[in-house]
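J.: Coordinates for the following, if possible.
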Amino acid sequence: MSLRLSRWLGIRVRFMTLAVLLTLLFSGLWGGWSWLRERDLLYDRLDRQGEVLVSAMAIPIINALLYEELGIIEEGGLLDNFMADIMANGQLQPLYAMVVGNDGRVLAHNRLTEFGEVYNDPLTLAALASADVLKIKTTVNNQPMLDFSAPLAIAGKRWGSLRVGVSLLPLQKELNTLARSIVGFALLFSSGALLIYFAVAHRLAKPLEMLAESMETMDVTLPSYLPPKVRRDEIGRLERSFHDLLERLRQSEIERHKSLEKFVESERFAAVGKMVSGIAHEINNPLSGIQGALYHIGEESDDSAQNYIKAAEQGVERISRIVGQLLDLSRADALHPESVDSAEFFEELSLFARMAIKNRDCKLQVSDDYPRGVICIDRDRIHQTLLNLVLNAADAVSGQGRSIVRLETFAHDQGYALRVIDNGPGISAETQKRIFEPFFTTKDPGKGTGMGLAIGRTIAEKHGGRLECRSAPGQGTIFTLWLPQDMSQEGPLV
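T.: Predicted structure coming up:
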């Protein structure tokens, strides 16, 4: 779906929909809270007015009943006037007003036809049994109402109760009107908010749409450029991030091509390695024959031919060494791990290292900081790797004056580590990128084959570890062989 067709289904519509729903939600919560609060206030006001009415009218009605009992006034006349006064209350608009005696007989009623009737309903019985003002919510003729009653008693003498019924319909109508007002206000407010949200959404979505259109038409292979004026808000950050992303994509594309070239090169090198392995085996046999022939020729020749024979022997020996290293590289994955004592292994390694550089112009320092235990390694392969590192370090510090090569071991979070440190001239960053490549060497012609570090790294990786170099020109060089921890046997195993 194109951007123009789908933009109304995108962030703009979702933002407006969410905003309107939230507005309606909060408006509804506020309206509901307001309505409930107003309802409680109206009911509370009605309760107070009803209680005040029956409490206030009970006093003159008690006086009238007392006067009637004393024969001062005629029975019923004054009570009827009080009932009329109660019914004339404009605030409460009572449905009925009556005075009932202790036996439930109606002594006065707003409807004169009820005079003399006897009420035995639950409301009358509850009113006569109560010593205080009583309020009961009930329904009369399907009309909700509140029945207020007050005892007609004084000085321990009781004549009955005053009952007044107040309708709840006016209150409910008022609450319904309030609810319609709240709903109308919420809808009106939401409509106004919708217009505001539309304007805000349009302002927010417009630069995003422009950015999306530019993303659809952007060529990853070409350099990207930021617009001359970048916003300072989150959208501006998005524009800058998009620009950075394009740059990273472009760099990734360049790296991908480089990686592809390296992969092709590694595949070619692997094929060459297999071929070299086969050729090396084939060369070894004639080399042995040539060495034997040179030996016999040297035994039978006079002194004038010895120099030539010696030169030939040195050439054959160099060829044999190169062939051996090629075979080592092809067989580096054939490990034979064994459990050895870490202290004995390091002591043996230190002895071999001293013997290897005893004729070099440098001093060897050793330090075993690994807690003594059992390590599981291919002893010969690790010897081969470390001795090559020590010899390289000795070559690097030769002729430096106070030349020191340090061999040490220590524990790390992942297991066992060996380190070779020298105070030589160091290695440049460019050279460090290539030192593990086969046949790459910085030594003079004829002094190195460039295979030692390549073989050492392969041995480290086959152990599940890694061989790292850290150096800088003029600051010496540190080679560290990291070997992983193995807890499959007793003691700290590698």
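J.: Any buried residues in stretch 244-254, and which?
T.: Residues of stretch 244-254 classed as buried by neighbour count (16 or more other C-beta atoms under 10 Å): Leu246, Arg250. In this view, the C-beta of every residue, glycine as well, is placed from N, C-alpha and C.
J.: That stretch: how far from the chain's middle?
T.: Here the centre of mass of C-alpha atoms in stretch 244-254, compared against the chain's by C-alpha atoms, centre = their mean, to the nearest Å, lies 26 Å away.
J.: Pull that stretch out as CSV, backbone CA atoms only.
T.: Presented in CSV, the C-alpha positions along stretch 244-254 are these (Å, rounded to 0.1, in the frame of the first residue of the first chain):
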residue,chain,number,x,y,z
ASP,A,244,23.2,8.1,10.5
LEU,A,245,21.4,4.9,9.6
LEU,A,246,21.9,5.5,5.9
GLU,A,247,25.6,6.2,6.6
ARG,A,248,25.9,2.9,8.6
LEU,A,249,24.0,1.1,5.8
ARG,A,250,26.4,2.5,3.2
GLN,A,251,29.4,1.5,5.4
SER,A,252,27.8,-1.9,5.9
GLU,A,253,27.4,-2.3,2.2
ILE,A,254,31.1,-1.5,1.7
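J.: Looking at it now, give me its mean pLDDT.
T.: Taken as a whole, stretch 244-254 has a mean pLDDT of 79.
J.: what's the answer for stretch 450-468, then?
T.: Summarised as a single mean, pLDDT over stretch 450-468 is 83.
J.: Skipping adjacent residues, who's closest to Leu66 in space?
T.: Ile154 (7.7 Å; C-beta to C-beta, 6 or more residues apart in numbering).
J.: can I assume the one you found is in contact with Leu65?
T.: No - assessed by C-beta atoms under 8 Å, Ile154 is found out of contact with Leu65, at 9.4 Å.
J.: the more surrounded of these two?
T.: Taking neighbours as other C-beta atoms under 10 Å, Ile154 and Leu65 compare with Leu65 leading, 23 against 14.
J.: and the gap between that one and Leu107?
T.: 8 Å (C-beta to C-beta, to the nearest Å).
J.: anything in contact with each of these two?
T.: Common neighbours of Leu65 and Leu107 are listed as Leu79, Val99, Trp159 (criterion: C-beta atoms under 8 Å, 6 or more residues apart in numbering).
J.: Strands - which of these land there?
T.: Of the shared contacts of Leu65 and Leu107, the ones assigned to strands by DSSP state E are Val99, Trp159.
J.: ranking the shared contacts of Leu65 and Leu107 by neighbours, who comes first?
T.: Sorting those by how many neighbours each has (other C-beta under 10 Å) puts Val99 first, at 25 neighbours.
J.: What is the host helix or strand of Val340 packed up against?
T.: Assigned by DSSP states H and E, Val340 belongs to strand 338-341. Contact analysis of strand 338-341 by 3 or more C-beta pairs under 8 Å, 6 or more residues apart in numbering; DSSP states H and E lists strand 374-377 as its packing neighbours.
J.: Tell me the buried residues in the following helix or strand past the strand it packs on?
T.: Per DSSP H and E, strand 374-377 leads on to helix 379-397 as the next helix or strand towards the C-terminus. Residues of helix 379-397 classed as buried under the neighbour-count rule (16+ other C-beta under 10 Å) are 379, 381-397.
J.: Report the distance from the strand holding Val340 to the chain centre.
T.: Worked out by C-alpha atoms, centre = their mean, strand 338-341 lies 44 Å from the chain centre.
J.: can you dump the C-alpha coordinates of that strand into PDB?
T.: C-alpha atoms of strand 338-341 as PDB (Å, rounded to 0.1, in the frame of the first residue of the first chain):
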ATOM      1  CA  GLU A 338      45.500 -34.200  28.400                       C
ATOM      2  CA  SER A 339      45.200 -33.300  32.100                       C
ATOM      3  CA  VAL A 340      48.500 -31.800  33.400                       C
ATOM      4  CA  ASP A 341      49.500 -30.100  36.600                       C
END
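J.: following it, which helix or strand comes up?
T.: Past strand 338-341, the next helix or strand by DSSP H and E is helix 342-356.
J.: Now that next one: average pLDDT?
T.: Rounded mean pLDDT across helix 342-356 is 89.
J.: tell me what that helix is packed against?
T.: strand 363-368, strand 374-377, helix 379-397, strand 404-412.
J.: Adding distance to Val166 and mean pLDDT, write these out as a markdown table.
T.: A markdown table is the format used below for the helices and strands packed on helix 342-356 (distance: least, C-beta to C-beta, whole Å; pLDDT from 0 to 100):
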| stretch | distance to Val166 | mean pLDDT |
| --- | --- | --- |
| strand 363-368 | 101 | 90 |
| strand 374-377 | 96 | 88 |
| helix 379-397 | 102 | 88 |
| strand 404-412 | 88 | 90 |
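J.: nearest to Arg48, of those?
T.: Smallest distance to Arg48 across these (C-beta to C-beta): 82.4 Å, for strand 404-412.
J.: Tell me which residues of the closest one come out buried.
T.: Ile404, Val405, Arg406, Leu407, Glu408, Thr409, Ala411.
J.: For burial, what's the neighbour tally of the closest residue to the fourth one other than its chain neighbours?
T.: This means Leu407. Using C-beta to C-beta, 6+ apart and skipping the chain neighbours, the partner closest in space to Leu407 is Val366 (4.9 Å). For Val366, the count of nearby residues is 16 (other C-beta under 10 Å).
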